[in-house]
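1. Provided below are the primary sequence and the corresponding predicted coordinates.
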Amino acid sequence: MTLNPNIKIIDKRNHSKASEEYLNVEYYYPNGLVWKGWVPIVYRRTGLFLSTKNEIIDYLNDLYPQLNPLKREQWIKEQELFWSEKPNADITKSFFDALSNCNWTCVNCGLPQNPNWARRIQDIKEFGYTIATDTNKFCKNCGENKTHLILLPIKRLSIKGNGYETWSPQLRKRIIKLLGSIDVYEGTYNANCLPDHKFSEIRWDENTKEENPDDMSDEEIKEKFQLLTNQRNQQKREICRNCFQTGKRGVIYGIPYYYKGNENWDERIPKIGKQAEKGCIGCPWYDIQKWKEHLIDKLIKENSNDEH
């Protein structure tokens, strides 16, 4: 497979916090028209995971007609129709409008003033739009390096399994009640606990996301969820992201113990998808309660052996 000669790959970039990877590219068209930007090759939000040379070339070639600047006006019209059917998304739409020039936009001075801008950008991604992020790009207006975003004028993709799962308020209350409002990290009651997926979303693919019906069995809930405070949930998310990027599994309470495997991710197990969950088993953050139980059993056995 051959790359379109009108496409030039400059280099590879990444957004480590979101575990996204891009190619810095230039697309050339007749009459001197050009599109310059970053094209994702790993973009969890829309289930994009390109690893082979042919996959990447095929994707870049497929985007060539879509990124043609002459198609921009028609693309904008199609998006206006889409947003017209989202009457309760006015705030998010204002962020989309700020990005709709499809050029690099500074989050500090180019977006609507909103302290929760990242949530709005996530909402846009959840609608299937592709947005690349450069966390260290110079802004002439601000006079310093700032995070910039660029919206790609390409087809919206269906978010099948890589967005976050949701649950009804009724199920959320039931999960918390069933698990006793016990913060599994602290081992104590906490009225502010939240349901946490044991299997981290960073390793989900388009086939991983499942529905969470209100009639989930008690066993299904116990198998899938644990309770953490928002602070611990964020801590776990960072640890899982680091594992995803480096292959080093997490440590909890400063104790490097794994009841299955060791600190290194098993390379025989896929990095993403439902099968990847096997690689999480034994990590303390995957199932904190089970990890505690295994550790206690280990200590009891060692103590018993010492006495004999």
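-> Now that the structure is in, tell me what you want to look at. Numbers count the residues shown, from 1 in each chain.
2. where does the chain have its least confident helix or strand?
-> One helix or strand of the chain scores below all others by mean pLDDT, DSSP states H and E: strand 48-49, with a mean of 78.
3. Name the residues that touch that one?
-> Contact partners of strand 48-49, identified using CB atoms under 8 Å, 6 or more residues apart in numbering, comprise 40-42, 59, 157, 205, 272. In short, each C-beta sits where N, CA and C put it, glycine included.
4. Please apply the same query to stretch 228-237.
-> Taking contacts as CB under 8 Å, 6+ apart, the residues outside stretch 228-237 that touch it are 183-185, 190, 192-194, 196, 200, 202, 250, 285.
5. and those residues, which of them are in strands?
-> 183, 194, 196 (DSSP state E).
6. Need those residues in TSV (columns: neighbour count, distance to Glu126 and pLDDT).
-> As requested, these are arranged in TSV below (neighbours: other CB atoms under 10 Å; distance: CB to CB, whole Å; pLDDT from 0 to 100):
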residue	neighbour count	distance to Glu126	pLDDT
Asp183	21	28	96
Leu194	16	19	91
Asp196	22	20	93
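7. from those residues, which single one is nearest Pro5?
-> Asp196 (49.0 Å; CB to CB).
8. ok, now how distant is the nearest residue to that closest one once chain neighbours are set aside from Glu263?
-> Beyond its immediate neighbours in the sequence, the residue positioned closest to Asp196 (CB to CB, 6 or more residues apart in numbering) is Leu228, lying 4.5 Å away. Distance of Leu228 to Glu263, given as CB to CB, to the nearest Å: 22 Å.
9. These two: which is more packed in?
-> Between Leu228 and Glu263, counted using other CB atoms under 10 Å, the more crowded position is Leu228 (22 against 14).
10. I'd like the ones in strands among the contacts of stretch 228-237 laid out as TSV, including distance to Asn24.
-> Listed next are those as TSV, based on distance: CB to CB, whole Å:
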residue	distance to Asn24
Asp183	43
Leu194	38
Asp196	36
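11. which one among those gets closest to Pro115?
-> For the ones in strands among the contacts of stretch 228-237, the minimum distance to Pro115 (CB to CB) is 21.1 Å, reached by Leu194.
12. Tell me who's in contact with that closest one.
-> 176, 227-230, 233.
13. and the least confident of these?
-> Among these, Asn230 has the lowest pLDDT, at 87.
14. Distance check, that residue against Cys142.
-> Taking CB to CB, one finds Asn230 at 31 Å from Cys142.
15. same deal with Cys193?
-> Counting by CB to CB - Cys193 and Cys142 are separated by 40 Å.
16. Tell me how many other residues surround the nearest residue to Glu277 once chain neighbours are set aside.
-> For Glu277, ignoring the flanking residues on the chain, the nearest one in space by CB to CB, 6+ apart is Phe199 at 4.7 Å. Phe199 has 17 neighbours, counted by other CB under 10 Å.
17. Cheers, nothing more for now.
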